[in-house]
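# I'll drop the sequence and a predicted model, then ask my questions.
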Amino acid sequence: MLTHTVISPFYTGPLRSPLRIQNNFANECFMDELAAAANVDPVEYRLRHLRNDRLRGVVMAAARTAQWKPFSSPLAAVSNELMGRGFACVAYEGDNGYAALVADVAVNGTTGVVRPVKFTIAVDCGPISNPDGLRNQVEGGLLQGASRALVEEVTWDAKRVTSVDWEGYTSLRLDYEIPEIEAIFVVPDNVKATGAGETSITVTPAALGNAIFNASGARLRHLPFTPTRMLAALKAEQQARSA
């Protein structure tokens, strides 16, 4: 992947995990595809190829806490919702924080709505001085990551950006049904403190995308995972299976 950073002529503001969230989405979804092609469980596949002890630590902690079990097919459907689990991990900036996330999702086969049910995340940022503050950072990152993965999208026409207000640019609303969140903090001995503000958001879209694939067999490569895109992917998957 080749990227270029340029000076923008437009006003910009703070954004969590710029560039890295896209990189991790591509990397971790591709890891999931490789695991599927090799017919190997996604967690086992990652552990086979990871050499970083701290990243391995959060991968094993998240899988253990979520009671991850090797699988080769989607979880059982509940009513008209397809249930699935996805996994993603990151060594943020190489050595500035480590996280692994298990996402449980429900995909509505009729409406195309993707509903996060539970996030189980393990984070290693070294020594922790404020556990409550860290938990707030992690939970906030997960929800912002879900917002960017499921609903946030810049739109434009031939002349200009059209999503110029909170009606045109959607984010999670205050009445959104918050998924259950379980956070585990991994603190190895004799390590320095690292960043923690952007680790959880960085793994969220990838874990959701992998969970959608597990639930439905449909691989979405374009964010956000809107109902329209989800229904189109489900239709394409059904047609491929019947061909």
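Done, it's in.
# What residue in the protein is the furthest from its centre?
No residue in the chain sits farther from the centre than K159, which is 32.3 Å out by C-alpha atoms, centre = their mean.
# got a list of what the most centrally placed residue in the chain touches?
The centroid of the chain falls nearest to T204 when counting by C-alpha atoms, centre = their mean (2.1 Å). Contact analysis of T204 by C-beta atoms under 8 Å, 6 or more residues apart in numbering lists I21, A88, L101, A103, F119, G141, L142, G145, A146, R148, A149. C-betas here are computed from N, CA, C, even on glycine.
# so the fifth one makes contact with I184?
No - with contact defined as C-beta atoms under 8 Å, F119 does not count as touching I184 (11.3 Å).
# Among those two, which residue is more densely surrounded?
F119 (29 against 17; other C-beta atoms under 10 Å).
# Okay, and the more buried one sits in which element?
According to DSSP states H and E, F119 maps onto strand 114-124.
# Summarise which helices and strands that strand is packed against.
helix 53-65, strand 98-108, helix 131-150, strand 180-185, helix 199-216 (3 or more C-beta pairs under 8 Å, 6 or more residues apart in numbering; DSSP states H and E).
# what's the closest non-adjacent residue to T194?
Among residues not flanking T194 along the chain, G97 sits closest, at 4.4 Å (C-beta to C-beta, 6 or more residues apart in numbering).
# circling back: output the contacts of T204 as TSV; include the columns distance to R219.
Output for those, formatted as TSV (distance: C-beta to C-beta, whole Å):
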residue	distance to R219
I21	18
A88	14
L101	18
A103	15
F119	21
G141	24
L142	22
G145	19
A146	19
R148	19
A149	14
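# where in this structure is pLDDT low?
1-2, 72-79 (pLDDT under 70).
# hmm, back to that, for the residue farthest from the centre of the chain, pull up the helix or strand it's in.
Taking DSSP H and E as the definition, one finds K159 inside no helix or strand.
# Over to the one 5 residues further on?
Element membership of V164 [criterion: DSSP H and E] is none; it lies in no helix or strand.
# since we're on it, how many residues are nearby?
For V164, using other C-beta under 10 Å, the count is 12.
# mind checking how far it is from K192?
Going from V164 to K192 by C-beta to C-beta, to the nearest Å gives 43 Å.
# isn't the residue nearest to T194 right next to V203, touching?
No - using C-beta under 8 Å, G97 makes no contact with V203, being 10.8 Å away.
# For these two, indicate the residue with more neighbours.
Between G97 and V203, counted using other C-beta under 10 Å, the more crowded position is V203 (33 against 24).
# ok so, going back, give me the angle between the strand holding F119 and helix 131-150.
Strand 114-124 runs at 140 degrees relative to helix 131-150, counting by axes from the mean of the first three to the mean of the last three C-alpha atoms, to 10 degrees.
# buried sites along strand 114-124?
V114, P116, V117, F119, T120, I121, A122, V123, D124 (16 or more other C-beta atoms under 10 Å).
# what are the pairing partners of that strand, and which direction each?
Its sheet considered, strand 114-124 pairs with strand 98-108 (antiparallel), strand 180-185 (parallel) by DSSP bridges.
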